[in-house]
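Enquirer: I'll drop the sequence and a predicted model, then ask my questions.
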Amino acid sequence: MTPERRRTAVRYAIALDLIVITTGVALLLPPSPAAIIACLLFAVIAGSWMFGRQGGTTTTIAALFVLGFVFGSVARLQDYVFFTLAAMAATAAMPRLRAAATHVPIVEPPRSHRVPPAWLWTLALPGLVALVYSDISEVFVAHGGFSVLQFAIVAAAALIWFYRDALQPWRIALQPLTLTLGFYAAIIFVSTVWADDLWAADESVVKAIKNLLLYFVIAALASSWQALRRGLVAMVVTAAILAFVSVAQIGTGREFGELGGLATVAYGTIYEESADARAAGPLGDANFYGQILVLVLPLAAAIAWTSDRRRWKLVWLAAGFVVAGGVLATYSRGAMLGMAIMTALALWALHVPLTRVALGTAIMIVALILAPGNVGRRFMTIEMLFPKEEAYTPPEASFERRKLVTATAARMWDDNLLTGVGTGNYQTFFDRYSNVAGSTAEHFYRAGDSQNAHSLYLEIGAETGLLGLTGFATIIFVAYGQLRRARRDLRTRGDPNAHLALALMIATAGYLITSMFLHGGFQRYFFMLLAFVAAVSRLASEEPA
């Protein structure tokens with residue numbers, strides 16, 4: 001045996017020994033999927049750090065056999081998925097981190113440089129963004145079809161791997177934002193250990209993994225400014241089309257057959273005891289529909305600002321006005337408030353004097369109050385959030401329900417301050433805490449109805465405690481840090497794409513504002529937004545051609 005083969009054999013032996021040792025440690029611990037995966041993942045990290053991708057691949061394959069044959073009675077399907085994704089990320093990242101830490105250049109075997117075809121840049125990212133934003137995949141599933149989105153994500157991931165030399169996906173994988181999102185997903189996974197309803201917890205973990213994969217695929221495909229801009233344009237165009245149909249529905253009182261589920265209409269309370277139709281779009285929920293429309297407004301403004309021709313500037317501004325009309329058609333108070341605050345943030349970020357910022361915000365609020373139809377009266381009901389003791393305010397059913405679920409979440413979090421009750425388990429503990437919170441659930445909900453915290457932050461606190469809130473806050477802090485740095489670098493170079501970075505800042509703020517009144521449903525839109533954040537950060541860090 002040659003010395004080189006002998007060294008290779010020793011590397012494989014040590015890698016397998018790492019698995020044997022960590023398996024022994026896992027057997028000494030309580031039979032918890034989180035503890036088992038943490039031990040095996042440590043072996044993968046160590047193997048890939050010491051012996052590169054060969055060591056990481058060897059330990060990953062051996063660990064999967066251990067999961068199946070040693071811990072098969074404990075490990076679940078999502079455990080295999082989570083471990084595989086984490087192990088692949090560690091195998092790709094550790095050699096580069098070691099090279100950066102020790103200043104040793106990475107020597108890889110030469111590969112042929114595959115150039116992606118033109119259609120990949122033209123269709124792949126815009127098509128995926130439109131598919132995600134329109135939620136047409138769920139509509140297709142509801143009519144007995146298969147999940148088009150899952151197929152599209154797998155196909156896109158395969159394309160990214162095949163053209164990895166050109167797309168350079170590791171530049172996304174090694175970003176602080178990506179690592180922070182992975183850490184948050186790990187917190188969600190670990191919280192399943194103390195969850196009572198394992199099925200609900202597992203479903204929450206699967207959603208987190210899907211969102212993380214969606215984030216990575218979109219960010220990797222947006223590997224050039226042109227590709228990124230096409231993705232943002234697809235998002236604005238899709239939102240404008242949906243909003244146009246919604247405005248026509250509410251304005252004319254006709255549902256147009258709801259377009260097979262892409263333009264649904266919900267009926268609910270507008271003010272006091274008055275009820276009316278509300279645009280719910282493809283999500284079937286007016287409040288969430290308003291939230292995803294709000295996210296598009298600063299992006300439409302940025303695209304208009306950076307357009308070369310006046311004609312296109314007017315087109316994108318018109319698209320923004322249509323989307324704003326769609327927000328009003330939802331009658332979502334949170335979305336309206338978010339739109340007003342985002343206007344103030346945009347004016348302030350553009351260095352408009354504070355007096356004009358205040359004037360612009362006041363004009364926006366007055367316009368909402370004086371809006372035609374029930375929009376103004378709906379927006380005025382937001383004052384019920386601040387009740388006055390000296391005056392009687394007629395109760396509104398939607399606010400009373402919201403007060404119940406938020407108080408329940410707060411009480412649930414208070415009793416489980418550090419860790420929460422486990423991801424996806426808010427509804428499991430709802431009946432136990434709702435009576436203690438000061439109201440009986442039977443007044444508003446029938447047995448078997450689903451409940452949610454009506455606040456993303458209270459939901460995270462109730463389910464994952466301070467641990468989860470810290471992880472989520474870190475995501476926001478890192479995202480804004482990367483966007484701030486990207487905008488500064490782009491402005492220094494005189495690059496107009498700095499406006500895209502600012503637009504993403506404001507869009508993220510819009511999501512955070514509206515999430516004060518909404519739970520964590522449809523988080524894929526937030527992860528899609530973060531994917532654009534990662535793409536802008538990556539492109540801004542590259543030297544201009």
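Expert: Yes, it's here. Bear in mind the structure is a predicted one, so any value in this text is a computation, not a measurement.

Enquirer: can you pull out the helices in the stretch 301-450 of the chain?
Expert: In the stretch 301-450 of the chain, the helices defined using DSSP state H, counting those that start in this stretch lie at 310-330, 333-349, 354-369, 375-380, 397-415, 430-434.

Enquirer: need the least confident one among the ones you listed, by mean pLDDT.
Expert: Lowest mean pLDDT within the helices of the stretch 301-450 of the chain: helix 375-380, at a mean of 51.

Enquirer: on that earlier part again, quick one, which of the helices of the stretch 301-450 of the chain is packed in tightest?
Expert: Most buried of the helices of the stretch 301-450 of the chain, by mean neighbour count (mean count of other Cβ atoms under 10 Å): helix 333-349, with a mean of 21. From N, CA and C alone the C-beta is placed, and that goes for glycine too.

Enquirer: Can you name the residues that contact Gly338?
Expert: If you count contacts by Cβ atoms under 8 Å, 6 or more residues apart in numbering, Gly338 has them with 291, 294, 510, 513-514.

Enquirer: now do 7 Å
Expert: Neighbour list for Gly338: 294, 510, 513-514 [criterion: Cβ atoms under 7 Å, 6 or more residues apart in numbering].

Enquirer: Mind checking which of these land in helices?
Expert: Among the contacts of Gly338, DSSP state H puts 294, 510, 513-514 in helices.

Enquirer: For the residues you listed, work out which two are farthest apart.
Expert: Val294 and Ile513 (8.4 Å; Cβ to Cβ).

Enquirer: starting at the chain centroid, how far to stretch 473-488?
Expert: Its chain's average C-alpha position is 15 Å from that of stretch 473-488, according to Cα atoms, centre = their mean, to the nearest Å.

Enquirer: now could you export just the CA positions of stretch 487-494 as PDB?
Expert: Provided in PDB are the C-alpha atoms of stretch 487-494 (Å, rounded to 0.1, in the frame of the first residue of the first chain):
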ATOM      1  CA  ARG A 487     -26.300  50.000   1.000                       C
ATOM      2  CA  ARG A 488     -23.300  51.800   2.300                       C
ATOM      3  CA  ASP A 489     -20.900  50.000  -0.200                       C
ATOM      4  CA  LEU A 490     -23.300  50.500  -3.100                       C
ATOM      5  CA  ARG A 491     -23.800  54.200  -2.300                       C
ATOM      6  CA  THR A 492     -20.000  54.700  -2.100                       C
ATOM      7  CA  ARG A 493     -19.600  53.300  -5.600                       C
ATOM      8  CA  GLY A 494     -22.600  55.300  -6.900                       C
END
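
Enquirer: what's in contact with it?
Expert: Contacts of stretch 487-494 (Cβ under 7 Å, 6+ apart): 497-498, 501-502, 540, 544.

Enquirer: Buried ones from the residues you listed, can you make that a ChimeraX selection?
Expert: In ChimeraX syntax, the buried subset of these is picked out as below (16 or more other Cβ atoms under 10 Å):
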select :497,498,501,502,540
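
Enquirer: Out of the contacts of stretch 487-494, which is nearest to Leu530?
Expert: Ala501 (13.4 Å).

Enquirer: what stretches of the stretch 401-545 of the chain score poorly on pLDDT?
Expert: 436-450, 543-545 (pLDDT under 70).

Enquirer: can you give me the strands for it?
Expert: Counting by DSSP state E, counting those that start in this stretch, one finds no strands in the stretch 401-545 of the chain.

Enquirer: re earlier: can I get the ones in helices among the contacts of Gly338 in a markdown table with distance to Thr464?
Expert: Shown next, in a markdown table, are those (distance: Cβ to Cβ, whole Å):
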| residue | distance to Thr464 |
| --- | --- |
| Val294 | 26 |
| Gly510 | 24 |
| Ile513 | 22 |
| Thr514 | 21 |
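
Enquirer: looking at those, which has the most residues close by?
Expert: Val294 (29 neighbours; other Cβ atoms under 10 Å).

Enquirer: Strands of the stretch 51-200 of the chain, start to end?
Expert: Under DSSP E, counting those that start in this stretch, the stretch 51-200 of the chain gives no strands.

Enquirer: which regions of it lie under the pLDDT threshold?
Expert: Those would be 100-116, 118-121, if you go by pLDDT under 70 across the stretch 51-200 of the chain.

Enquirer: let's go with 80 and repeat that
Expert: 51, 53-54, 65, 68-82, 93-122, 139-147 (pLDDT under 80).

Enquirer: quick one on the thing from earlier: out of the ones in helices among the contacts of Gly338, the closest to Ile160 would be?
Expert: Using Cβ to Cβ, the ones in helices among the contacts of Gly338 come closest to Ile160 at Gly510, 28.9 Å.

Enquirer: Report the separation between that closest one and Met339.
Expert: Per Cβ to Cβ, to the nearest Å, Gly510 is found 8 Å from Met339.

Enquirer: Identify the contacts common to the two.
Expert: Val294.

Enquirer: sorry, back to before: and the two most separated of the contacts of stretch 487-494?
Expert: Most distant of the contacts of stretch 487-494, by Cβ to Cβ, are Leu502 and Pro544, 18.9 Å apart.

Enquirer: burial count for Trp161?
Expert: 11.

Enquirer: what's the answer for the one 10 residues further on, then?
Expert: By other Cβ under 10 Å, the residues close to Arg171 number 19.

Enquirer: repeat for the one 3 residues further on
Expert: Each residue near Leu174 was counted by other Cβ under 10 Å, and the total is 15.

Enquirer: Could you measure from the closest residue to it other than its chain neighbours over to Ala86?
Expert: Nearest non-adjacent residue to Leu174, counting by Cβ to Cβ, 6 or more residues apart in numbering: Ala93, 5.7 Å away. Relative to Ala86, Ala93 is positioned 10 Å away (Cβ to Cβ).

Enquirer: One more: Phe151?
Expert: 23 Å.

Enquirer: Those two - which one has more neighbours?
Expert: Remark: of Phe151 and Ala86, Ala86 carries more neighbours, 22 against 12, as counted by other Cβ under 10 Å.

Enquirer: Could you pull up the residues touching that one?
Expert: Leu41.

Enquirer: can you rerun that using 8 Å?
Expert: 37, 41, 44, 182, 186.

Enquirer: ok, and the most crowded of those residues?
Expert: Val44 (30 neighbours).

Enquirer: if I've got this straight, Val247 is in a strand?
Expert: No. Judged by DSSP: H, G, I helix; E, B strand; the rest coil, Val247 forms no part of a strand; its state is helix.

Enquirer: Let me see the contact set for it.
Expert: Counted by Cβ under 8 Å, 6+ apart, Val247 has contacts 279, 322, 325-326, 329.

Enquirer: And the nearest residue to it once chain neighbours are set aside, how close does it get to Ile303?
Expert: Among residues not flanking Val247 along the chain, Gly325 sits closest, at 4.5 Å (Cβ to Cβ, 6+ apart). Remark: distance between Gly325 and Ile303 (Cβ to Cβ) = 18 Å.
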